[in-house]
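1. Return atomic coordinates for the entry below.
(one chain, ligands or ions: 1)
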Amino acid sequence: MADSQPPRSPAHDPNAAINTARPGVHARPPGVRIIASGIAVPEKTLTNSDLEKIMDTSDEWIVQRTGIRNRHIHDPQKGDSVSGLATEALRNALQDAGMVPDDLDLIVVATMTPESPTPSVACRVTTKLGVRNIGAFDLNAACSGFVYALNTVFGLMATGAYRNIALIGADTITQHVEYSTYGRGSAVLFGDAAGAVILQRTDDPMPGLLAHILHSDGPGSKDLYVPTDERTLPEGVEYNPRHVNRVQMHGPAVFRFAVGTFPKLIEETLEHAGLQAADVDYYICHQSNVRILKAAQERFGLEDRQFPINIDRYGNTVAASVPLVFHELRQGGKIQPGQRVMFLGFGAGLTWASSLWQL
Ligand code: ACO
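-> Next comes the predicted model:
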């Protein structure tokens, strides 16, 4: 039987390809490059002074506790939607790559705020772009979604079956916040956006994933969840109709979770790759709170330029925040082939994840 099988290239022999020397590090043939990026944000903005007018808060409190000064908010009355933002971001990335939609083999959207259970945001994007027959699916890991999807997409690329994959992080989380003093604990944090990258297979085996980590803690969701009715509440939580479809967050508990897990995640990823913190050119982190980010940066003695922060202008944009930071670095000419970049996400689920790349 075995003799009748066609010969397999080493790149397709799973036993030959797996590097067992380091946990979390797997086959790297073929190489994968992130060749382009694009973003989209809604036109409407919401500054801290706008928020001061609609709830009991202050610019000083928000800046001190979160580092946020402005956010972009989608306006459904003007036709804004999560798939609209995702499509615009992808169009910008395609333009950056000098590609057309038909060049894509697959579209993946990381999102926790699809317009509806079905069709997926990814399928809506294919409709808006006028492409047919290519793969399209959504992935939900909340604020870690883009990083989860980056690892997933690399795995698909490693099979050799795809040449060009578009990955988009897109969320309109502000539909789940209450703009009043009652909802101020989370309302001041969030903004809407989309960020897209295009990944391309290359014969050069060097660029691609060096290490990745995915984690979750289901019971931890008691500190961060969006209930849809009384049956979807975490155990022990009393039903309040005012909370339905609104982000419920125990801010200090999520803060402690993030400050604790973030440095551990960086350490774990560096260990898997056999690298030191200073060997990584950029740490591209989910933008949740400037204090959480600064704590991690200081812990590893990293310079500001290695730890880019743009939360002041966009707030926490859930799955879009990591590609927003990446795109701004690329646009500023700071991303070069050969650099090492660690993408990091953490958020609802609870979930947290890393993806360390050699570009
Ligand atoms: N303006 C003014 N005062 C406020 C506001 C506000 N917007 N929000 C809360 N306060 C008050 C509280 O009522 C409280 O008052 P009290 O002491 O009189 O009771 C006081 O400020 C302190 O409240 P805390 O919640 O303890 O404030 P904290 O310093 O923890 O900051 C924050 C709150 C910013 C939410 C912080 O806990 C945080 O960033 N947590 C992490 C959130 C996060 O990262 N989420 C990411 C995941 S999101 C996702 O995955 C979808």
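2. Identify the residue spatially nearest to residue 312, adjacent ones excluded.
-> Spatial nearest neighbour of residue 312, excluding adjacent residues (CB to CB, 6 or more residues apart in numbering): residue 69 at 4.7 Å. Yep, even glycine has a C-beta here, placed from its N, CA and C like the rest.
3. Give me the distance between the one you found and the ligand.
-> 13 Å (CB to the nearest ligand atom, to the nearest Å).
4. same thing with residue 214?
-> Applying CB to the nearest ligand atom, the value for residue 214 to the ligand is 15 Å.
5. Figure out the helix or strand that that residue lives in.
-> strand 208-216 (DSSP states H and E).
6. Same question for residue 268.
-> Assigned by DSSP H and E, residue 268 belongs to helix 251-273.
7. What pLDDT does the model give the residue in the stretch 151-300 of the chain positioned nearest to the ligand?
-> Relative to the ligand, the nearest point of the stretch 151-300 of the chain is residue 251 (2.9 Å; CB to the nearest ligand atom). For residue 251, the pLDDT comes out at 91.
8. Quick one: residues contacting it.
-> Residue 251 is in contact with 185, 186, counting by CB atoms under 8 Å, 6 or more residues apart in numbering.
9. repeat that for 6 Å
-> residue 185 (CB atoms under 6 Å, 6 or more residues apart in numbering).
10. circling back to that earlier point, got the CA coordinates for the strand holding residue 214 in CSV?
-> The C-alpha trace of strand 208-216 is given here as CSV (Å, rounded to 0.1, in the frame of the first residue of the first chain):
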residue,chain,number,x,y,z
GLY,A,208,7.1,33.5,9.6
LEU,A,209,6.1,32.4,13.1
LEU,A,210,8.9,31.8,15.6
ALA,A,211,6.7,30.9,18.6
HIS,A,212,3.0,31.2,19.6
ILE,A,213,0.9,30.7,22.6
LEU,A,214,-2.9,30.5,23.1
HIS,A,215,-4.5,30.6,26.6
SER,A,216,-8.0,30.8,28.0
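11. Mind listing what's buried along that strand?
-> Applying a neighbour-count criterion of 16 or more other CB atoms under 10 Å, one finds 208, 209, 210, 211, 212, 213, 214, 215 buried in strand 208-216.
12. One more: stretch 339-349?
-> 341, 342, 343, 344, 345, 346, 347, 348, 349.
13. In a helix, the third one, correct?
-> It stands for residue 343. No. Residue 343: not assigned to a helix; according to DSSP: H, G, I helix; E, B strand; the rest coil it is strand.
14. what about the helices in the chain?
-> In the chain, the helices defined using DSSP state H lie at 14-17, 48-54, 59-66, 82-97, 121-129, 145-158, 184-187, 251-273, 290-299, 311-314, 321-331.
15. Quick check: residues of the stretch 1-150 of the chain near the ligand?
-> 57, 61, 65, 66, 142, 143 (CB under 6 Å from any ligand atom).
16. who wins for neighbours among those residues?
-> Using other CB atoms under 10 Å as the neighbour test, these are led by residue 143, with 32 neighbours.
17. ok, back up a step: lowest-confidence one in the buried residues of strand 208-216?
-> residue 208 (91).
18. remind me which residues of this structure are low pLDDT?
-> Filtered on pLDDT under 70, the chain yields the residue ranges 1-29.
19. okay, which residue is most central for this protein?
-> residue 146 (2.7 Å; CA atoms, centre = their mean).
20. The nearest residue to that one once chain neighbours are set aside bridge partners, please.
-> Setting aside the residues directly before and after it, residue 146 is nearest to residue 169 in space (CB to CB, 6+ apart), at 3.6 Å. For residue 169, the residues forming beta bridges with it (DSSP bridges) are residue 110, residue 195.
21. how close does residue 169 get to residue 145?
-> 6 Å (CB to CB, to the nearest Å).
22. shared neighbours of the two, anything?
-> Overlap of the contact sets of residue 169 and residue 145 (by CB under 6 Å, 6+ apart) consists of 110, 319.
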